[in-house]
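Q: Would you be able to build a 3D model of this:
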Amino acid sequence: MNVGYILLLLGLVELTFGLLLIIQRRKESTALWFGMFIISVAIYVIANGLGYLHLFINQSQAEHIAWTSGALIATFILPFSFSYPYPRKQFTELILLVIWPIIIFVPGVLWTNAFIQQKAIDNFGNGYISKTGVYFPLYMVFFIGYWAWALLNLFISINKSDGVQKRQLIIFCVGTALSLLLSSYFDLYKPLNDSTRFGYIGSLCTGLWFGFIGYIMLSKENKKLIKN
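A: Got it, this is the predicted structure:
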C-alpha cells in the first residue's frame with residue numbers, strides 16, 4: 001500500500017478533529033488554538049500524502065505547502081501553550097504572536113524563493129532534496145524559537161499542575177517532543193542536507209501522535225477538566 005494513502009487518511013482524520021474542536025468548543029480559547037494547531041498538522045500530513053500519490057498538486061507544490069504548514073504548526077503551538085490547561089495571557093495578546101508569522105511565512109514560502117526555492121521535484125519522497133532561499137535562516141530562527149518557547153511554557157505548566165492535569169501535560173510534552181525530533185530530522189534536516197526517501201516517517205509519526213491527541217482533546221472528560 002502506498003504510504004501516501006496512509007498519510008492522506010491520517011491527515012483527513014486530523015482535519016476532522018481540528019474542525020470539531022473549533023466548532024464544538026468555539027468559546028474556549030484553548031480549543032481554538034489547539035484546533036488551529038491540529039488543522040495545521042493535518043495540512044502538513046495531507047500535503048505529503050498528496051505528494052506521494054501525485055494527486056491534485058505537483059511535487060513542488062506539495063513541498064511548499066508542507067513547509068508552509070510547518071510555519072503554521074509553530075505559530076499555533078505557542079498560543080496553545082499559553083492557554084493550556086488554564087489561560088495565562090489574554091486573547092488579544094496571543095493574536096499578535098500569530099499574525100506576523102502568517103503574514104510573512106505563508107506567502108513567503110508558498111509563492112517566493114525567499115525561504116524555499118520554487119523548483120520542480122522529481123519523484124517526491126523517493127530521493128528529493130530541498131533548496132533553501134536567502135531568508136531561510138529567519139524561518140528556522142522563528143520555527144525553533146516558537147517551539148522552544150511553547151515547550152518551555154508547557155514544562156512550566158507541569159510544575160504548576162497536579163493530578164490528571166499534570167499527567168496529561170507530561171504525556172503531551174513527551175510525545176510532542178519525540179514527534180518534533182523525528183519530524184525535524186526526517187522532514188527538515190535530511191532533505192536540506194542529502195537526498196532522502198524517508199520524508200514520510202516524520203509525517204507518519206506526527207499524524208499518528210497528534211491524531212491521538214486531537215481525539216483526547218475532544219473527550220468529555222478533558223472538556224470538563226479544562227473548564228474547571
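Q: List the buried residues for stretch 156-169?
A: Across stretch 156-169, burial judged by 16 or more other CB atoms under 10 Å covers 157-158, 161, 165, 168-169. Just so you know, the C-beta spots here come from the backbone N, C-alpha and C atoms, and that holds for glycine as well.
Q: where do the helices sit along this structure?
A: 3-24, 29-53, 59-83, 91-111, 136-160, 163-184, 190-193, 199-217, 220-227 (DSSP state H).
Q: right, so of those helices, which gets closest to Lys119?
A: Lys119 lies closest, by CB to CB, to one member of the helices of the chain: helix 59-83, at 6.2 Å.
Q: between the closest one and helix 163-184, how many degrees?
A: Helix 59-83 runs at 160 degrees relative to helix 163-184, counting by axes from the mean of the first three to the mean of the last three CA atoms, to 10 degrees.
Q: Let me see the mean pLDDT of helix 59-83.
A: What helix 59-83 shows for mean pLDDT is 88.
Q: can you pull the contacts of Ile95?
A: Pro79 (CB atoms under 8 Å, 6 or more residues apart in numbering).
Q: which non-adjacent residue is nearest the most centrally placed residue in the chain?
A: For the chain, Ile73 is the residue whose C-alpha lies nearest the centre (CA atoms, centre = their mean; 3.2 Å). Leaving aside its sequence neighbours, Ile73 sits nearest to Ser40 (CB to CB, 6 or more residues apart in numbering; 4.6 Å).
Q: again, but for Phe82
A: Lys89 (4.6 Å).
Q: so what's the one you found up against?
A: Contacts of Lys89 by CB under 8 Å, 6+ apart are 79, 82-83.
Q: Show me what stretch 61-74 is in contact with.
A: 36-37, 40-41, 43-44, 47-48, 50-51, 57, 101-102, 105-106, 109-110, 115-116, 118, 121, 124, 128, 130, 139, 142-143, 146-147, 150, 187-188, 203.
Q: Just the CA trace of stretch 138-145, in CSV.
A: C-alpha atoms of stretch 138-145 as CSV (Å, rounded to 0.1, in the frame of the first residue of the first chain):
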residue,chain,number,x,y,z
LEU,A,138,14.9,33.6,9.5
TYR,A,139,12.4,30.8,9.0
MET,A,140,14.5,28.4,11.2
VAL,A,141,15.0,31.0,13.9
PHE,A,142,11.3,31.5,14.1
PHE,A,143,10.5,27.8,13.9
ILE,A,144,13.0,26.8,16.6
GLY,A,145,12.2,29.9,18.8
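Q: Show me the contact partners of it.
A: 67, 70-71, 74, 101, 105, 109, 115.
Q: Generate a ChimeraX selection restricted to the buried subset of the residues you listed.
A: Buried members of the contacts of stretch 138-145, defined by 16+ other CB under 10 Å, are picked up in ChimeraX with:
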select :67,70,71,74,101,105,109,115
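Q: Just put the contacts of stretch 138-145 in a markdown table and tack on distance to Val13.
A: Formatted as a markdown table, those follow (distance: CB to CB, whole Å):
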| residue | distance to Val13 |
| --- | --- |
| Trp67 | 22 |
| Gly70 | 20 |
| Ala71 | 22 |
| Ala74 | 22 |
| Pro101 | 26 |
| Phe105 | 26 |
| Val109 | 25 |
| Phe115 | 29 |
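Q: are any of the contacts of stretch 61-74 buried, and which?
A: 36-37, 40-41, 43-44, 47-48, 50-51, 57, 101, 105, 109-110, 115-116, 118, 121, 124, 128, 130, 139, 142-143, 146-147, 150, 187-188, 203.
Q: Brilliant, that's me finished.
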